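>>> sequence first, then the predicted structure:
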Amino acid sequence: METATTPPVRIDAATGQKLFNTRAAKASEKIAGKGYSAVTDEALRTLPPPPPGAAFNAQEQARYRANKEARRGAADYIAMEGEFARYLEDVYSAPPIRREALADDCEVLVIGAGFGALMLWYKLQQAGFTDVRFCEKGGDVGGTWYWNRYPGIACDVESYSYLPLLEEMGYFPTMKFASGFEILEYCQTMAERYGFYDRCLFHTTVTRTEWDEAAARWTVRTDRGDAMRARYVVLANGILTTPKLARIEGMETFKGESFHTSRWDYNVDLAGKRVGIIGTGATAVQVIPEIAKVVKELYVFQRTPSTIDVRDQRATTQEEIAAWRQEPGWAKARRERLAKISSGRTALQGNDDYLSGKVADFKQRKTHERALSPEEMIERQLNTNFRIMEQIRARVDAIVKDPKTAAALKPYYAYGCKRPTFHDEYLPSFNLPHVHLVDTAPLGVARINERGVVHDGIEYPLDVLIYATGFQWMATATFNMIVGRDGRTLRDKWRTEGVRTFLGLHTHGFPNLFIMSGPQSGGAQFNFTRGLEGHTDYVVWLLKTLREKNATVIDIKKTPEDEYAAHCRDADLRTRPLRDCLSYYNGDGNAEPGSLAYYGGPEKWHEIRRAAQASLDPYVFETAAEARSPAAVA
């Protein structure tokens, strides 16, 4: 076990490989918390029934469109640099461990230390790959659960299906929707058990990754002066990693305390303070009920309301744990059952009887006299979707007492076109006398001054201002710093050709580069852990295949990449009516169809993957000594 006296870089006598001791200490014991608690009031745990005859008719469709168009162009964000760079500082760890700059070689270098990296390391070890290292900009493992430690944080997918390697770890989450603090501790325990800490360079941000054709290796440069050479590079950065700030006039003049929710400042005591929070997305929905319990006044600045569905949080029972102990592979089986649910809301609600295998299906299946066309299927989904949204809007009326506040909290867009949110305490928070909703629709907060927020001519004096303005979707900065064959950057390729990948994991002209959970990657539905499970299995399979073929370089052919990109575009356009609003899923309405998330469905993605693995047709395998043949990669 590493100690404070263990050097930051040392040599393993058995393998000759470098091992590391760069995990940072926790910055403060104030950094602690829990997720949301179970609510016993049945009125808060159920949706009202849909109104009779509710249908997504022309009038309702027009209302949705008007809501969308009124907000077009409102999403305007600034880079966190210059005076705003402090919002990106790591407030969770002690200063970085000092170490020497590295200019050596390794076989596999992975960027990131979240779920994907931890799962990949576990599987690589099992497959006999040990010359592996990781670079992580934070001071510890956890990825999104390292950076997001705000009050009330919890996973939105049931933790029994979401946490990886539960069977291998012999761990049972304490709640159905585990706290983010519990998840972070779980990641740390995984890292300790499987020797991950020995392999990771913490507080190390990759600044450039450049392909060396002659050496058939990547040169990976970092902000610590490293220039490491790796045969293979895996991007495991995640999909919501770069915080964003809304561009608001005067925001730099505010004299009080301010921070982004992804860098929650626990040195700022909110008790008895006048607090403002900008944003009402998935993070704010969890934050607001918690901080409302301690602040003097809370002003919630909302541009677009979220769908506030029921959560039905509960503690894990001893009976469940006893049953799972007798069921080998219980979590994987549960995850696979969850993946069979096509309805987003049904999947995220998580029917326990079905997921535990007590019943054969999660709903009673309808039969039709004839096969429905794709257009008819979309129409039926839209009507079902509308009825769910009517129930969610009715829930607002049933809980929130002030009619004006209730009206502002009702969302008018398709379910799932923005990230669905769940909470049983969020809506009741607006019945508290010190919690105030400030409706800034449709364009958001207009101005900030040294005293607080100014909107519609009203000044809201604040002691603390919290930005819950979210993250860039699939816009990891690393994509902009990758230089492939012929000196071309990945950013330039995707700007000129459009996003082009194969399976989301490869992109032509960037050999030996694997992108996990990036644009166009599939294999998951609403549980990204299942997607990462497929991606990590795939990367390990590919490395084993290279070893078996005595090859050291793999690229993807241009034709299958173009065909896959066309498939992604078609799948996006075909299902677009289900997502007819502005959100980060579609780049606030600016993204090219098929360029971000994959909408072909997990089974289609796996079908394409299996065909590629069986035939090997999309791949070009080379040895390091072979000259690149233009014809071979056409």
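All right, it came through fine.
>>> quick check: chain neighbours aside, which residue is closest to residue 570?
Counting by C-beta to C-beta, 6 or more residues apart in numbering, residue 570 lies nearest to residue 594, which is 7.3 Å off, once chain neighbours are set aside. Every residue, glycine included, has its C-beta placed from N, CA and C.
>>> how much space between that neighbour and residue 514?
20 Å (C-beta to C-beta, to the nearest Å).
>>> equivalent analysis for residue 246, please.
When residue 246 is compared with residue 514 (using C-beta to C-beta), they lie 34 Å apart.
>>> those two: which has the busier surroundings?
residue 514 (26 against 19; other C-beta atoms under 10 Å).
>>> which SS class is that one?
Look at residue 514: counting by DSSP: H, G, I helix; E, B strand; the rest coil, its state is strand.
>>> contacts only, for it.
232, 233, 234, 235, 505, 506, 539, 542 (C-beta atoms under 8 Å, 6 or more residues apart in numbering).
>>> quick one: it from residue 289, how far?
Residue 514 is 40 Å from residue 289, by C-beta to C-beta.
>>> helix or strand right after the lengthiest helix in the chain?
The helix spanning the most residues in the chain, taking DSSP state H as the definition, is helix 374-399. With elements assigned by DSSP states H and E, the helix or strand that comes after helix 374-399 is helix 403-408.
>>> which residues of the stretch 451-600 of the chain fall in helices?
490-497, 528-548, 558-575 (DSSP state H, counting those that start in this stretch).
>>> distance from the chain centre to the helix or strand where residue 604 lies, please.
Applying DSSP H and E as the criterion places residue 604 in helix 602-615. Taking the mean of its C-alpha atoms, helix 602-615 sits 24 Å from the chain's own mean (C-alpha atoms, centre = their mean, to the nearest Å).
>>> which positions in it come out as buried?
Within helix 602-615, the residues that count as buried by 16 or more other C-beta atoms under 10 Å are 602, 605, 608, 609, 612.
>>> from the residues you listed, which one has the minimum pLDDT?
Checking pLDDT across those, the minimum falls on residue 602 at 91.
>>> distance of that residue relative to residue 568?
14 Å.
>>> same question for residue 416.
19 Å.
>>> and these two? which has more neighbours close in?
residue 568 (29 against 22).
>>> which stretches in the stretch 151-300 of the chain count as strands?
Remark: strands assigned in the stretch 151-300 of the chain by DSSP state E, counting those that start in this stretch are 200-201, 206-212, 217-222, 227-235, 242-243, 245-246, 257-260, 274-278, 297-302.
>>> wait, the stretch 351-500 of the chain
421-422, 435-439, 447-448, 452-455, 458-461, 464-467, 471-472, 482-483.
>>> need the winner for burial among those.
Greatest average neighbour count among these goes to strand 464-467 (a mean of 24), per mean count of other C-beta atoms under 10 Å.
>>> other residues contacting that strand?
Around strand 464-467, the neighbours that count as contacts under C-beta under 8 Å, 6+ apart are 87, 245-246, 254, 256-261, 268, 270, 273-279, 287, 448, 452-453.
>>> residue 621 versus residue 550, what's the distance?
9 Å.
>>> what do you get for residue 612?
Distance, residue 612 to residue 621, using C-beta to C-beta: 13 Å.
>>> dump the residue contacts of residue 54.
Residue 54 touches 386, 387, 390, counting by C-beta under 8 Å, 6+ apart.
>>> check residue 609 too.
By C-beta under 8 Å, 6+ apart, residue 609 lies in contact with 503, 523, 534, 538.
>>> ditto for residue 88
Neighbours of residue 88 in contact, by C-beta under 8 Å, 6+ apart: 80, 243, 263.
>>> could you do residue 102 as well?
Residues in contact with residue 102, defined by C-beta under 8 Å, 6+ apart, are 9, 18, 201, 226, 227, 228.
>>> the second one bridge partners, please.
What that stands for is residue 18. residue 11 (DSSP bridges).
>>> test my guess that residue 298 contacts residue 433.
No - between residue 298 and residue 433 there is no contact under C-beta atoms under 8 Å: 10.6 Å.
>>> CA atoms only for whatever helix or strand residue 61 lives in, dumped as PDB, please.
Element membership of residue 61, judged by DSSP H and E, is helix 58-70. Extracted C-alpha coordinates of helix 58-70, given in PDB (Å, rounded to 0.1, in the frame of the first residue of the first chain):
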ATOM      1  CA  ALA A  58     -52.500  20.500 -33.700                       C
ATOM      2  CA  GLN A  59     -53.200  23.100 -31.000                       C
ATOM      3  CA  GLU A  60     -50.800  21.400 -28.600                       C
ATOM      4  CA  GLN A  61     -48.200  20.900 -31.200                       C
ATOM      5  CA  ALA A  62     -48.300  24.600 -32.000                       C
ATOM      6  CA  ARG A  63     -47.800  25.400 -28.400                       C
ATOM      7  CA  TYR A  64     -44.700  23.200 -28.200                       C
ATOM      8  CA  ARG A  65     -43.300  24.800 -31.300                       C
ATOM      9  CA  ALA A  66     -43.900  28.300 -30.000                       C
ATOM     10  CA  ASN A  67     -42.200  27.400 -26.700                       C
ATOM     11  CA  LYS A  68     -39.200  26.200 -28.700                       C
ATOM     12  CA  GLU A  69     -38.900  29.100 -31.100                       C
ATOM     13  CA  ALA A  70     -39.200  31.700 -28.300                       C
END
